[in-house]
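Trainee: what follows is a predicted structure for the sequence shown.
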Amino acid sequence: MSNTPIEIIRMALEREKEAVQEYAEFAKTAEDPSIRKMFLFLVEEEKRHVKLLQEEIEKEVYQEM
């Protein structure tokens, strides 16, 4: 069975949300400041991805109405 584009976007959104949580946890436990900084950077990148995917889902939902 093939997933619809919106289902694929929703799956990607869940992965991005998980990545935000994981990177945030890694940042909390990182002892090296440069490693912590890298993880905090990745958290912000993943949050941007979450926002973009949420916007795409909203567009799809509004188009269906």
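Mentor: Yes, it's here. Computed from a predicted structure; not experimentally measured. Numbering: from 1, shown residues only.
Trainee: which helix runs longest in this structure?
Mentor: Taking DSSP state H as the criterion, the chain has its longest helix at helix 33-64.
Trainee: let me see the contact set for residue 3.
Mentor: Contacts for residue 3 (CB atoms under 8 Å, 6 or more residues apart in numbering) come out as residue 11. Quick note: C-beta positions are derived from backbone N, CA and C, even for glycine.
Trainee: ok, residue 10 next?
Mentor: Per CB under 8 Å, 6+ apart, neighbours of residue 10: residue 57.
Trainee: if we go to 6 Å?
Mentor: Applying CB atoms under 6 Å, 6 or more residues apart in numbering to residue 10 gives no contacts.
Trainee: about what we covered before: report all helices and strands that the longest helix of the chain contacts.
Mentor: helix 5-29 (3 or more CB pairs under 6 Å, 6 or more residues apart in numbering; DSSP states H and E).
Trainee: which residue packs closest to residue 13, ignoring adjacent ones?
Mentor: residue 53 (4.2 Å; CB to CB, 6 or more residues apart in numbering).
Trainee: isn't that neighbour right up against residue 11?
Mentor: No - using CB atoms under 6 Å as the test, residue 53 is too far from residue 11 to be in contact (9.7 Å).
Trainee: any idea of the mean pLDDT in the longest helix of the chain?
Mentor: Taken as a whole, helix 33-64 has a mean pLDDT of 94.
Trainee: that helix: which residues count as buried?
Mentor: 39-40, 42-43, 46-47, 49-50, 53, 56 (16 or more other CB atoms under 10 Å).
Trainee: starting at the chain centroid, how far to that helix?
Mentor: Remark: helix 33-64 is offset 4 Å from the chain centroid, using CA atoms, centre = their mean, to the nearest Å.
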